[in-house]
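Asks: Need a 3D model of the sequence below.
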Amino acid sequence: VYEPSGDWRTTDAQQSVIAVGEALKAALERYGLRVLHDTELYDWPSYSSAYVRSSEAIEAYLQTYPDLAMVIDLHRDAIGDEETIYKTVADTDGQPMAQLMFVVGTDQNLPHPNWRENLKLALILQQAALACCETLMRPIDLSSCRYNQQLTPGSLILEAGTCGNTLSEAVAAVECFAEAAGPVLAAMVEGDAA
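Replies: Residues are numbered from 1 along each chain as shown. Alright, predicted model coming up:
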């Protein structure tokens, strides 16, 4: 039983995007990828400083794990207003599934010299996911903000559905994504090791 906490948010890790992150981690690990899942709530209690706090964490992780190859900042999108809440739906064989979307930060407002590399990675992963399920991915959102993506190559925001999607729809989406992206990422890691 889930008690709604209002405003489409909860600090319950079993009911939030943290649970979606656990599903993504488990699915990617099936392809031999080493995955570190940070379960800290950076947008609680204040959303306004979330990226400052998360940048400190990323920098600390880079000190501990200098070979860190990719950072996925997992979110769910907020589409709608006070009266209408939208959800995204992938057209699958009967399994309810949210759609996913990459957000790629650019250098429009602040220095981010390698943003095109992040965009290239997003395009590769999106293409793999669309080959697996042609309606899984929404168009990539290019943003004028950096969202900490300047800190390391391979940094992307992945929006897993919206505040209108259920937890199971978001989990199904990231598991489907991992089936497509896992082999691609594993091959990239193998290529770097060679």
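Asks: Show me the strands in this structure, by range?
Replies: Ranges of strands in the chain, per DSSP state E, are 71-77, 100-105, 141-143, 155-162.
Asks: Next, the angle strand 155-162 makes with the first one.
Replies: Computed by axes from the mean of the first three to the mean of the last three Cα atoms, to 10 degrees, the angle separating strand 71-77 from strand 155-162 equals 30 degrees.
Asks: So what are the sheet partners of strand 71-77 and their directions?
Replies: Strand 71-77 has these partner strands in its sheet, going by DSSP bridges: strand 155-162 (parallel).
Asks: what do you get for the third one?
Replies: Strands that pair with strand 141-143, judged by DSSP bridges, come out as strand 100-105 (parallel).
Asks: what does the partner strand rub up against?
Replies: If you take Cβ atoms under 8 Å, 6 or more residues apart in numbering as the criterion, strand 100-105 is touched by 75, 77, 88, 112, 115, 118-119, 122, 125-126, 129, 136-147, 149-150, 156-161, 173-174, 177. In this view, the C-beta of every residue, glycine as well, is placed from N, C-alpha and C.
Asks: same check, this time on stretch 74-87
Replies: So stretch 74-87 is contacted by 8, 17, 20-21, 24, 88, 98, 101, 103, 157-165, 169-170, 174 (Cβ under 8 Å, 6+ apart).
Asks: measure that stretch end to end?
Replies: 17 Å (Cα to Cα, to the nearest Å).
Asks: Identify each buried residue in it, please.
Replies: Leu74, His75, Arg76, Asp77, Ile79, Lys87 (16 or more other Cβ atoms under 10 Å).
Asks: for stretch 26-37, same thing?
Replies: For stretch 26-37, by 16+ other Cβ under 10 Å, it's Ala27, Leu28, Tyr31, Leu33, Val35.
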